[in-house]
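Asks: only geometry, no sequence info:
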């Protein structure tokens, strides 16, 4: 701000380099105008003063008036509400040290606000609880807590929070409603330390990521997203797109696979959408999720969104922000309602912990509490905490999948934790392991992923008989070209053809009995297990087929599933074996005599084994080149009938 006496009177000229200071408000106060970054005013009645001293006194008075106005005009760069965790757990003064220790172990929190009659009366820290438990003191929270009414509001500035923490020594400060004093959140020292990273991320979110989000989705999906966000905003429910979808948008590799996470009740939002626009909402109260089925109301929704109804998805998943904990290593998580920050913290790697907010003026803002954006830019796979792989060992396979998919690197500490936790894969159910392997086998870099899994020593923990070597790598990579058609179905139970071919071309290098054990461990569907055993046995028999008559080769290969043949034929084989398999696949398996059972019945041959023997002999004769015309088949048939 510049205040200057001129011949026309005292002028105010204001400039701002920050969205946090709107200088036009001050200029308007003095009768001027402008916009948020530049404004000016000629102060009314300031042109006539008795002397220079009076004019300078007027200038000083205006300066003091501006200083008095500024606290109500300057907006903090960040406020507590942006970094706090909502709906924290609180304790009562009567809570025992033992119960507090159990809660801290389950949820991992370092401090709990202590509340009595709706008001904060203190803070219980892990340090105090650990000491009480170690000394076997049967004390309550009231005796152990740091007493005091230290609180902030969601609108308080970060500077105020920092000063409060420094003065009180509280590492966790409750956030309260100004009117009621009720606890609505908690903010920690860690949150404060990360505010600079978050500041950069939020600025990028406003300036860039709304555009990336708009360009990542087709018009119909984007219109539906904004419609849901508008309704959520009206219900005062912050909404976000989270996780892998955000990661892929930032990498400019967008997909249509996204969920909407709600800070609030997703089921309530789903039902509200059904009332407003129709469509059924299916709910899952245990997990706080809702699926809004819009297929039946696509035409009506298309008119609202102004798009083509066929482009709209059949449904939209809405999820209440939640947190989770693990009762024991390798267990499935127990889920409870939480904030967006807690929801993101339960995810696997930093690059999957980002969220883009959708509602109101926050549209496009990036929420990045754990440095996911930096790790994404630097190509790093990093877990959030040291027990991440202990909580869920399948994350080890996920880390490898993301590393190879994006060409990233698992950072050193994460790699150390992964190697230490490897044996825990033995405790994971076969179904969960198969699910992770299914996802690997669906990736273009599947061979590199399996090789990396092997080099890190994880395959024996999945099953001791699993192997990987250079021969398997070459054969596996070549077999990826197999496509559906020629009698190959698109699916084998729960897996697709590409995954099935991957399993067969990989695991069939093991002996048949080992294949059977692996299939049982990973709970393969029966058609895949049979194909795997066929392929494993055929690998042993293939060298002996070279040089045999086509009829002998065909007899052996007729008993093998087409999936096994397709995988082995596409794999890495010698030229001689490749030719044998190609001949069978393209020609020999299709060869059949023109004679059929009706002809044999007409010739007076009783139904029985003779039918198979005669028709087989005719087919073998065609395969081995002993007959080459219908006349020759008829002559051979006449002789075979007489013999029969």
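Replies: Alright, I've got the coordinates. Everything quoted here is computed from the prediction, not taken from an experiment.

Asks: residues near residue 471, how many?
Replies: When neighbours are defined as other CB atoms under 10 Å, residue 471 has 11 of them. Bear in mind the C-beta positions are built from the backbone N, C-alpha and C, glycine included.

Asks: what's the nearest residue to residue 311 if we skip its chain neighbours?
Replies: Setting aside the residues directly before and after it, residue 311 is nearest to residue 220 in space (CB to CB, 6 or more residues apart in numbering), at 3.6 Å.

Asks: Going by contacts, tell me the helices and strands next to the helix or strand where that neighbour lies.
Replies: According to DSSP states H and E, residue 220 maps onto helix 219-234. Counting contacts by 3 or more CB pairs under 8 Å, 6 or more residues apart in numbering; DSSP states H and E, helix 219-234 packs against strand 239-242, strand 260-262, helix 266-277, helix 298-305, strand 315-320.

Asks: mind running it again at 10 Å?
Replies: Counting by 3 or more CB pairs under 10 Å, 6 or more residues apart in numbering; DSSP states H and E, the packing neighbours recorded for helix 219-234 are helix 210-216, strand 239-242, strand 260-262, helix 266-277, helix 298-305, strand 315-320.

Asks: out of these, which comes closest to residue 604?
Replies: Comparing the helices and strands packed on helix 219-234 against residue 604 with CB to CB, the closest turns out to be strand 315-320 (64.3 Å).

Asks: Could you dump the helices and strands packed on helix 219-234 into TSV and include mean neighbour count, distance to residue 522 and mean pLDDT?
Replies: Below are the helices and strands packed on helix 219-234 laid out as TSV (neighbours: other CB atoms under 10 Å; distance: least, CB to CB, whole Å; pLDDT from 0 to 100):
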stretch	mean neighbour count	distance to residue 522	mean pLDDT
helix 210-216	17	35	86
strand 239-242	26	30	93
strand 260-262	26	32	92
helix 266-277	19	34	93
helix 298-305	16	39	88
strand 315-320	21	28	91
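
Asks: Show me the shaky parts of the stretch 351-500 of the chain.
Replies: The stretch 351-500 of the chain contains residues with pLDDT under 70 at 486.

Asks: which residues in it form strands?
Replies: 355-357, 366-367, 380-381, 409-410, 491-492, 495-496 (DSSP state E, counting those that start in this stretch).

Asks: How many residues are close by residue 421?
Replies: Each residue near residue 421 was counted by other CB under 10 Å, and the total is 23.

Asks: Not counting its neighbours along the chain, what's nearest the residue nearest to the spatial centre of the chain?
Replies: Geometric centre of the chain, nearest residue: residue 244, 3.8 Å, by CA atoms, centre = their mean. Of all residues not flanking residue 244 in the chain, residue 352 sits nearest, at 5.7 Å (CB to CB, 6+ apart).

Asks: For the closest residue to residue 37 other than its chain neighbours, give me phi and psi.
Replies: For residue 37, ignoring the flanking residues on the chain, the nearest one in space by CB to CB, 6+ apart is residue 16 at 5.0 Å. As for residue 16, its main-chain torsions (degrees, to the nearest 10) stand at phi -130, psi 140.

Asks: Please tell me how far residue 16 sits from residue 573.
Replies: 73 Å (CB to CB, to the nearest Å).

Asks: before we move on, back to that, thinking the residue nearest to residue 311 is in contact with residue 304, fair?
Replies: No. Between residue 220 and residue 304 there is no contact under CB atoms under 10 Å: 11.4 Å.

Asks: circling back to that earlier point, count of neighbours near the residue nearest to residue 311?
Replies: Residue 220 has 20 nearby residues by other CB under 10 Å.

Asks: before we move on, back to that, report the contact partners of the residue nearest to the centre of the chain.
Replies: 255, 257, 258, 259, 347, 348, 349, 351, 352, 354, 402 (CB atoms under 10 Å, 6 or more residues apart in numbering).

Asks: quick one: secondary structure of the first one?
Replies: To tie it back to what came earlier, the one meant is residue 255. Reduced to three states with DSSP: H, G, I helix; E, B strand; the rest coil, the structure at residue 255 is coil.

Asks: Please list all residues in contact with the residue nearest to residue 244.
Replies: Here residue 352 is in contact with 242-247, 344, 370, 372, 376, 381, 384, 398, 402 (CB under 10 Å, 6+ apart).

Asks: rerun at 6 Å
Replies: Residue 352 makes contact with 243, 244, 247, according to CB atoms under 6 Å, 6 or more residues apart in numbering.

Asks: before we move on, what about residue 30?
Replies: 12, 41, 43.

Asks: now swap in residue 522 and tell me
Replies: Neighbours of residue 522 in contact, by CB under 6 Å, 6+ apart: 430, 434.
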